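[1] compute the structure for the input listed below.
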Amino acid sequence: MDYRNVAVIIPCFNESEAISQVVHGFKNALPEAPIYVYDNCSTDDTLEKARDAGAIVRFENRKGKGNVVRRMFSDVDADFYILVDGDLTYDPVVAPRMLERLIKDKLDMLNIARIGAKGSYRKGHRLGNFLLTKTVKIKRMESCLECQSSGASPGSQPSQCSACQGTGEIRQVQRSFLGQIVNVQSCHSCSGIGYIGGREQKTVTINIKIPAGVSNGNYMTLEGEGDKSVKGSRGEIEKVL
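    I've put the predicted structure just below:
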């Protein structure tokens, strides 16, 4: 397999003790594959060691692994991505087998879990993952029970949405050589109901399942667990583990 279309992307924060071994390991396992090390405000010599080992070094100044991961996928163009940590907890030797399995089974993503071996997780990671598979607390907007989501006091009428003038629709007229084109969309301010509904922020406890290999500091998108619209539908929310 030609590994030049495979990008190894490594987010790093103070990983000077292991980053050289990580880079060399993937260079041996995936010859010609570009290896990117993204530094996230390290205070040690992670950058120098990664560069000396032959990695392409880049920066993300906004702290947090989620920011680094978004930056990497935005910057790096490849057919296949291998995302690993810079602390040598993943064995580069298995990378070719991962790619073979991914291609053979026509998978979109293949997740490898660090299990079994002593030292596979840093102190606290296994406990943290165990707890988060049970419950997490999130803040989200819920329907107001007192006003029945109308936003009005008992005995009064709901306030008309000023954005759509109570129609629930936003109309935009565009002129073209064919004449006038009218685009009609639901009003985002009132979710298409024509009045300002009543909602309130609440802290709720929910159960979530965390896929194997997802560690503390990662983002998870929870579908159907976000803010509730005045119509009753619920969106998604991002949770930092």
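[2] can you give me the helices for this structure?
    Here the chain has its helices, by DSSP state H, at 19-29, 46-52, 65-75, 95-104, 125-132.
[3] alpha carbons only: can I get the third one in PDB?
    The C-alpha atoms that make up helix 65-75 are tabulated as PDB, following Å, rounded to 0.1, in the frame of the first residue of the first chain:
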ATOM      1  CA  LYS A  65      -7.600  18.800  22.900                       C
ATOM      2  CA  GLY A  66     -10.900  19.500  21.100                       C
ATOM      3  CA  ASN A  67      -9.500  22.700  19.600                       C
ATOM      4  CA  VAL A  68      -6.400  20.800  18.400                       C
ATOM      5  CA  VAL A  69      -8.300  18.000  16.800                       C
ATOM      6  CA  ARG A  70     -10.600  20.400  14.900                       C
ATOM      7  CA  ARG A  71      -7.500  22.300  13.700                       C
ATOM      8  CA  MET A  72      -5.800  19.100  12.500                       C
ATOM      9  CA  PHE A  73      -8.700  17.900  10.400                       C
ATOM     10  CA  SER A  74      -9.200  21.400   9.000                       C
ATOM     11  CA  ASP A  75      -5.500  21.800   8.000                       C
END
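[4] related to what we said a few turns ago, of the helices of the chain, which stretch is the most buried?
    Ranked by mean neighbour count, these are led by helix 19-29 with a mean of 20 (mean count of other Cβ atoms under 10 Å). Every residue, glycine included, has its C-beta placed from N, CA and C.
[5] which residues of this protein fall in strands?
    For the chain, strands defined by DSSP state E occupy the ranges 6-12, 35-39, 56-59, 80-83, 136-143, 169-176, 179-186, 199-206, 219-222, 237-240.
[6] in its sheet, what does the second one sit against?
    Same thing as strand 35-39. Strand 35-39 sits in its sheet next to strand 6-12 (parallel), strand 56-59 (parallel), going by DSSP bridges.
[7] can you say which of those strands is nearest to Lys65?
    Set against Lys65 and scored by Cβ to Cβ, the strands paired with strand 35-39 come closest in strand 6-12, at 5.7 Å.
[8] so the closest one versus helix 65-75, what angle?
    Strand 6-12 and helix 65-75 are oriented at 150 degrees to each other (axes from the mean of the first three to the mean of the last three Cα atoms, to 10 degrees).
[9] to Ile103, which of the strands of the chain lies closest?
    Using Cβ to Cβ, the strands of the chain put strand 80-83 closest to Ile103, at 8.4 Å.
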